[in-house]
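Asks: one predicted model, sequence on top.
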Amino acid sequence: MSLATNPSASALRPADARFKRKSLFLIVSILLLVLATVCSLKFGVRSINTADVLQAFLGHADTTDQAAAFKRIPRTVLGFLIGAALSVAGTTMQAVTRNPLADPGIFGVLSGASLAVVIGISFFSLSNAVSTMAVAVLGSALAAAFIYAVGSLGRGGATPLKLALAGAATTAALSSLVSAVLLPRIDVMDKFRFWQIGGVGGAEWDRMAMATPFLLLGFGMCLFFAPGLNALALGDDVATSLGENVLRTRILSSLGAVILCGVATALAGPIAFVGLVVPHITRMIVGTDHRWLIPCSALAGAILIVFADTFGRVITRPSEIAVGIIMPIIGAPLFIWIIRRQKTREL
């Protein structure tokens with residue numbers, strides 16, 4: 001005699017487990033975001049007690065410690081914006097190219113933005129914040145288009161290996177061009193040598209206010225096309241048979257990623273590896289549904305950048321290490337682990 005089972009109930013169990021895992025990830029991420037905020041305001045060249053941190057967070061700057069914590073708020077907010085932007089950009093690029101090694105830094109997009117900004121400042125006296133962001137987005141777009149075109153040449157089209165090689169070669173070339181433009185111009189080099197490293201120490205409210213609409217636009221575009229990115233993961237033919245406009249999804253979601261990369265680079269300089277390691281690790285936890293993966297990656301990236309920036313301020317007190325230096329130290333071992341663990345043909 002066999003026991004009767006409810007097929008519908010058993011079919012729902014895996015979906016319920018996945019939903020609980022995603023919900024738990026969001027809850028833990030929010031708690032870590034709060035912890036990262038407190039640590040960023042509390043630790044630095046001087047440590048500040050928690051009571052003064054809370055007062056500074058409420059807008060009070062009556063004592064020296066409260067004023068010091070209050071001045072760290074823009075830096076913390078910029079860390080959130082940069083981490084979220086680069087993580088979402090990396091997630092989208094990996095989905096568009098179906099390549100787990102896709103990353104704004106590895107694919108040369110950050111270098112393209114850097115070169116465009118440096119050329120604008122050196123030859124056209126670019127100084128306006130909005131113009132700088134627009135030029136950075138243009139440089140990111142041109143670099144991304146060039147790398148995809150080169151990676152598409154030959155048999156097999158744009159394979160992950162060819163895209164990674166084209167991105168690495170382009171990154172090296174663009175970085176050399178940045179140095180070539182800067183070396184004869186001492187005034188420009190002095191102004192942007194710290195920016196080239198990548199960091200959030202120069203946070204300013206007015207620049208972040210100008211950048212926020214562009215960041216929201218890029219994030220909105222990536223999130224809006226999340227269902228289409230899910231379809232792309234099944235292959236272009238299957239996505240087309242499901243009614244998805246593959247070309248439109250690929251172009252507009254890539255444009256959203258390019259906007260995020262360009263604006264983030266204009267604000268904080270090129271910071272590598274965030275868009276590589278964060279989406280990959282987040283995907284292992286919440287799965288491949290981009291409707292969840294994109295916002296979860298944004299949270300995880302924001303947490304990572306703020307914690308990395310705080311660590312850089314604490315480890316060498318009273319000086320500090322820029323987050324653009326900390327991230328490769330964290331990201332390089334993870335990158336090697338990803339390569340060894342994954343068969344990097346496609347997502």
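Replies: Alright, I've got the coordinates.

Asks: CA atoms for contacts and neighbours, from now on please.
Replies: Will do.

Asks: so what touches stretch 228-242?
Replies: Stretch 228-242 is contacted from outside by 92, 95-96, 98, 244-246, 249-250, 288-290, 347, using Cα atoms under 8 Å, 6 or more residues apart in numbering.

Asks: make a PyMOL selection of the buried ones in the residues you listed.
Replies: To isolate the buried ones among the contacts of stretch 228-242 in PyMOL, judged by 16 or more other Cα atoms under 10 Å, type:
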select buried, resi 92+95+96+98+244+246+249+250+288+290+347
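
Asks: how about the contacts of stretch 228-242 in JSON lines, adding distance to Pro74, pLDDT and secondary structure?
Replies: What follows is the contacts of stretch 228-242, written out as JSON lines (distance: Cα to Cα, whole Å; pLDDT from 0 to 100; DSSP: H, G, I helix; E, B strand; the rest coil):
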{"residue": "Thr92", "distance to Pro74": "27", "pLDDT": "95", "secondary structure": "helix"}
{"residue": "Ala95", "distance to Pro74": "32", "pLDDT": "92", "secondary structure": "helix"}
{"residue": "Val96", "distance to Pro74": "33", "pLDDT": "88", "secondary structure": "helix"}
{"residue": "Arg98", "distance to Pro74": "35", "pLDDT": "82", "secondary structure": "coil"}
{"residue": "Glu244", "distance to Pro74": "41", "pLDDT": "89", "secondary structure": "coil"}
{"residue": "Asn245", "distance to Pro74": "40", "pLDDT": "91", "secondary structure": "coil"}
{"residue": "Val246", "distance to Pro74": "39", "pLDDT": "88", "secondary structure": "helix"}
{"residue": "Thr249", "distance to Pro74": "34", "pLDDT": "93", "secondary structure": "helix"}
{"residue": "Arg250", "distance to Pro74": "34", "pLDDT": "89", "secondary structure": "helix"}
{"residue": "Thr288", "distance to Pro74": "33", "pLDDT": "90", "secondary structure": "coil"}
{"residue": "Asp289", "distance to Pro74": "32", "pLDDT": "93", "secondary structure": "coil"}
{"residue": "His290", "distance to Pro74": "30", "pLDDT": "95", "secondary structure": "helix"}
{"residue": "Leu347", "distance to Pro74": "37", "pLDDT": "52", "secondary structure": "coil"}
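
Asks: want to throw the contacts of stretch 228-242 into CSV with distance to Pro104?
Replies: Shown next, in CSV, are the contacts of stretch 228-242 (distance: Cα to Cα, whole Å):
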residue, distance to Pro104
Thr92, 10
Ala95, 13
Val96, 13
Arg98, 14
Glu244, 26
Asn245, 24
Val246, 22
Thr249, 19
Arg250, 16
Thr288, 20
Asp289, 21
His290, 18
Leu347, 17
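
Asks: count of residues packed around Val277?
Replies: Here the number of neighbours of Val277 (other Cα atoms under 10 Å) works out to 26.

Asks: are there helices or strands packed against the helix or strand of the chain with the lowest mean pLDDT, and which ones?
Replies: One helix or strand of the chain scores below all others by mean pLDDT, DSSP states H and E: helix 186-197, with a mean of 72. Using 3 or more Cα pairs under 8 Å, 6 or more residues apart in numbering; DSSP states H and E, the elements in contact with helix 186-197 are helix 109-124.

Asks: how far off centre is the helix or strand that the helix it packs on is followed by?
Replies: Next along the chain after helix 109-124, taking DSSP states H and E as the criterion, comes helix 129-151. Distance of helix 129-151 from the chain centroid (Cα atoms, centre = their mean, to the nearest Å) equals 15 Å.

Asks: can you give me the buried ones in helix 129-151?
Replies: 129-130, 132-144, 146-148, 150-151.

Asks: can you name the next helix or strand after it?
Replies: Counting by DSSP H and E, what follows helix 129-151 is helix 160-182.

Asks: what's the angle between that following helix and helix 186-197?
Replies: Computed by axes from the mean of the first three to the mean of the last three Cα atoms, to 10 degrees, the angle separating helix 160-182 from helix 186-197 equals 150 degrees.

Asks: pLDDT on the longest helix anywhere in the chain, on average?
Replies: Looking across the chain with DSSP state H, the single longest helix is helix 7-42. Helix 7-42 carries an average pLDDT of 81.

Asks: roughly how far apart are Leu174 and Leu260?
Replies: Here Leu174 is placed at a distance of 19 Å from Leu260 (Cα to Cα, to the nearest Å).

Asks: ok, these two, which is more surrounded?
Replies: Between Leu174 and Leu260, counted using other Cα under 10 Å, the more crowded position is Leu260 (31 against 21).

Asks: residues contacting that one?
Replies: Ala85, Leu86, Val88, Ala89, Phe214, Leu215, Gly218, Phe219.

Asks: what about the second one, neighbour count?
Replies: Meaning Leu86. 36.
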